[in-house]
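*Asks:* Please work out how this folds:
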Amino acid sequence: MNAMKRHLLLALWLAPMVMVAQTPSSDPLPPPPPGMGDIVELEQMPEFPGGDRALFDYLKKSLRYPEGMQGKVFVGFVVDTDGSLRDISILRGADPVLDQEALRVIKAMPKWRPGKQNGETVRMRYNLPIRFTLR
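*Replies:* Okay, the predicted model is just below:
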């Protein structure tokens with residue numbers, strides 16, 4: 001189990017965090033929710049408290065790896081102006097069990113530092129791929 005968890009964590013660490021407008025893929029992702037602009041890059045992007053390393057540590061600690069399953073789950077959410085996460089959904093699932101585990105962990109996240117544009121906090125759509133890998 002430790003080896004599986006290490007491989008899962010390595011996959012999570014290497015998985016890029018991408019914005020909807022920057023996601024090149026042959027499978028189209030759903031459009032952003034109403035009220036979300038077309039801004040591709042902000043002056044200050046939303047950030048998990050403590051940065052990417054802290055996000056990795058949070059996922060490492062929080063994910064419960066389903067035995068014998070693998071796949072990549074794309075979770076989408078909006079980082080609101082107060083840092084809370086809303087409109088959390090599976091953009092592209094792998095398996096219902098993996099999808100539910102990814103949703104559980106994202107829904108339990110603490111508030112993020114919101115993005116800023118022109119000195120004001122703004123809502124931003126965020127995609128987070130979570131890869132479950134067996135080795």
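*Asks:* Who are the contact partners of Phe74?
*Replies:* Contacts for Phe74 were tallied using Cβ atoms under 8 Å, 6 or more residues apart in numbering; they are 29, 90-93, 127-130. Backbone N, C-alpha and C define where each C-beta goes, glycine included.
*Asks:* Compute the distance between it and Glu67, please.
*Replies:* Phe74 sits 22 Å away from Glu67, going by Cβ to Cβ, to the nearest Å.
*Asks:* isn't Gly71 right up against Leu98?
*Replies:* Yes: Gly71 lies in contact with Leu98 (Cβ atoms under 8 Å); the separation is 5.2 Å.
*Asks:* and the two? which has more neighbours close in?
*Replies:* Neighbour totals were compared for Gly71 and Leu98, and Leu98 leads with 21 against 18 (other Cβ atoms under 10 Å).
*Asks:* Might you report the residue contacts of that one?
*Replies:* Leu98 is in contact with 66, 69, 71, 73, 132, counting by Cβ under 8 Å, 6+ apart.
*Asks:* Going by neighbour count, list what's buried in the helix or strand hosting it.
*Replies:* Assigned by DSSP states H and E, Leu98 belongs to helix 96-107. Within helix 96-107, the residues scored as buried using 16 or more other Cβ atoms under 10 Å are 98-99, 101-103, 105-106.
*Asks:* for the very next helix or strand once past that helix, what is the average pLDDT?
*Replies:* Downstream of helix 96-107, the first helix or strand assigned by DSSP H and E is strand 115-117. Averaged across strand 115-117, the pLDDT comes to 91.
*Asks:* Show me what strand 115-117 packs onto, helices and strands only.
*Replies:* Here strand 115-117 is seen to pack against strand 120-122 when contacts are counted using 3 or more Cβ pairs under 8 Å, 6 or more residues apart in numbering; DSSP states H and E.
*Asks:* in its sheet, what does the strand it packs on sit against?
*Replies:* The pairing partners recorded for strand 120-122 under DSSP bridges are strand 115-117 (antiparallel).
*Asks:* No further queries at this time; thank you.
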